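> Need coordinates for the following:
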Amino acid sequence: MSNATPAPSPSILSRPGAVHAVVVGGGTMGADVAVVLARALCRTTVVEPDAGRAGALPGRVRANLAAIGREAGAERLAVAATLDAVDWSSVGLVIECIPEELALKQALFAELVARARPHALLASNSSSFPISAIGAGLDTRERMLGLHFFMPAHLVPLVEVVLGKASDERHADALAAFMRRCGMVPVKVRKDLPGFLANRLQHALSREAFSLIDRGIASPEDVDAAVRFGFGFRFLAAGPVLQRDHAGIDVHAAAGATMYPTFCNDDHPARCLSERAADGRHGMKRGEGFYAWTPETIAAERARYDQLLRAGLALIAPELPEIQP
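Just a heads-up that it's a prediction; the model follows:
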């Protein structure tokens with residue numbers, strides 16, 4: 001681990017209200033990350049070259065802030081068309097939210113190294129590429145971290161702070177503390193292996209779920225019901241580790257010894273996924289996936305989904321970090 005760049009001074013990420021953060025990319029994820037920052041009164045500049053997307057962004061952010069009674073944060077938002085339009089002398093944090101193409105991200109980080117102050121932290125929201133690959137060959141890699149949000153970022157409290165091979169853990173701790181002051185629940189992932197933490201857990205479940213569908217043991221509808229109304233319902237109250245303490249570790253160890261030998265251990269996606277990926281049944285955006293979709297049913301489903309997320313968020317609100325502008 002390199003020590004070429006010193007740890008952030010207390011003023012860099014001390015209070016969200018004292019920080020100037022730049023979000024590069026004003027798409028769905030970038031706009032929601034801007035809400036996370038602005039609700040804590042962080043000065044936030046979103047870099048978005050597409051005029052239509054840039055024009056819609058302030059209204060979208062303002063509406064989401066109004067929904068939680070934090071409209072004042074909208075005054076802290078600015079939109080820039082290019083990196084050249086940003087006041088880099090004041091930036092303490094950059095969060096990359098551009099498309100999932102490694103070459104694009106590498107080129108962007110090369111520019112960020114040249115533009116941002118030496119103390120500024122450079123973070124990527126990538127879910128596909130490790131920060132070690134994005135920052136490969138660049139100077140000051142110790143200040144580069146993964147900062148992986150989950151859609152919709154302003155409603156899902158979790159954020160992963162991911163260390164690459166060269167990342168300085170002091171920077172990770174500073175970024176995690178900053179995210180906590182923004183009302184998020186940060187988890188530190190000490191190695192940027194594929195999928196980080198949460199997506200590895202999610203895909204481990206999905207591998208077994210889609211294997212059960214392939215084998216004709218359960219329908220997609222029944223798989224969804226088993227998770228949502230069974231053990232998934234309990235996850236709001238306790239994760240898999242705490243659940244073992246509730247139910248009895250000896251019981252779960254015995255059950256695991258029986259079931260583990262029969263679990264799917266494929267190193268490739270299930271047939272039901274691969275076929276749909278190949279033939280264009282990609283879900284809502286194509287009108288069909290495992291379920292059939294129309295514009296009307298998509299709108300209804302998204303409204304239902306958003307409503308339940310907000311209800312769940314209200315339930316766990318007493319356990320979430322308090323926003324500290």
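> alpha carbons only for contacts and neighbour counts from here, please
Will do.
> Could you pull out the strands in the stretch 151-300 of the chain for me?
Using DSSP state E, counting those that start in this stretch, the strands of the stretch 151-300 of the chain run over 158-163, 185-189.
> just so I know, which of those lies nearest residue 220?
When the strands of the stretch 151-300 of the chain are compared by CA to CA, strand 158-163 sits nearest residue 220, at 26.6 Å.
> how distant is stretch 258-273 from the center of its chain?
Stretch 258-273 has its C-alpha centroid displaced from the chain centroid by 26 Å (CA atoms, centre = their mean, to the nearest Å).
> For it, give me every contacting residue.
Residues outside stretch 258-273 that contact it (CA atoms under 8 Å, 6 or more residues apart in numbering): 207, 208, 210, 211, 213, 214.
> which non-adjacent residue is nearest the residue nearest to the spatial centre of the chain?
Among the residues of the chain, residue 149 comes closest to the average C-alpha position under CA atoms, centre = their mean, at 1.4 Å. Leaving aside its chain neighbours, residue 149 sits nearest to residue 159 (4.8 Å; criterion: CA to CA, 6 or more residues apart in numbering).
> So what sits opposite that neighbour in the bridge?
Beta-bridge partners for residue 159, by DSSP bridges, are residue 149, residue 186.
> Quick check: it vs residue 99, distance?
With distances taken as CA to CA, to the nearest Å, residue 159 is found 19 Å from residue 99.
> Who has more neighbours out of the two?
Ranked by neighbour count (other CA atoms under 10 Å), residue 159 and residue 99 place residue 159 first, with 22 against 11.
> Could you double-check that the more buried one sits in contact with residue 146?
No - if you go by CA atoms under 8 Å, residue 159 and residue 146 don't touch, sitting 9.7 Å apart.
> How far off centre is the helix ranked longest in the chain?
Longest helix in the chain by number of residues, with DSSP state H as the criterion: helix 295-316. Distance of helix 295-316 from the chain centroid (CA atoms, centre = their mean) equals 18 Å.
> How is this structure partitioned into domains?
Domain ranges of the chain: 16-189, 198-316, per automatic domain parsing.
> right, so of these, which gets closest to residue 322?
Within the domains of the chain, the stretch nearest residue 322 is domain 16-189; the backing value is 5.4 Å (CA to CA).
> quick check: mean pLDDT across that closest one?
Mean per-residue pLDDT for domain 16-189: 97.
> Can you check the pLDDT for residue 4?
Residue 4 is given a pLDDT of 48.
> ignore the last one, residue 7
Taking residue 7 on its own, its pLDDT is 49.
> what's around residue 312, how many residues?
Residue 312, neighbours per other CA under 10 Å, totals 14.
> With residue 238 instead?
14.
> Next: the one 10 residues further on.
By the criterion of other CA under 10 Å, residue 248 has 11 neighbours.
> Contact partners for residue 19?
So residue 19 contacts 12, 13, 42, 43, 91, 92, 93 (CA under 8 Å, 6+ apart).
> and what of residue 208?
The contact partners of residue 208, by CA under 8 Å, 6+ apart, come to 263, 264.
> Deepest-packed of the domains of the chain, please.
Burial of those is given as mean neighbour count (mean count of other CA atoms under 10 Å); domain 16-189 ranks first at a mean of 20.
> What's the end-to-end length of it?
Using CA to CA, the end-to-end distance of domain 16-189 comes out at 22 Å.
> again, but for stretch 63-74
9 Å.
> what do you get for stretch 59-79?
12 Å.
> Show me what that stretch is in contact with.
31-32, 34-35, 38-48, 54, 58.
> do stretch 183-199 as well
By CA under 8 Å, 6+ apart, stretch 183-199 touches 36, 40, 127-132, 146, 157-165, 172, 176, 179-180, 200, 320-324.
> Please repeat the previous calculation with a cut-off of 6 Å.
Here stretch 183-199 makes contact (CA atoms under 6 Å, 6 or more residues apart in numbering) with 130, 157-164, 176, 321-323.
> Kindly reformat those residues as a markdown table containing distance to residue 116.
Formatted as a markdown table, the entries for those read as follows, by distance: CA to CA, whole Å:
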| residue | distance to residue 116 |
| --- | --- |
| 130 | 21 |
| 157 | 28 |
| 158 | 27 |
| 159 | 23 |
| 160 | 23 |
| 161 | 20 |
| 162 | 20 |
| 163 | 20 |
| 164 | 19 |
| 176 | 20 |
| 321 | 29 |
| 322 | 29 |
| 323 | 26 |
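> Check those residues and tell me the two furthest apart.
130 and 322 (29.7 Å).
> Alright, calling it a day.
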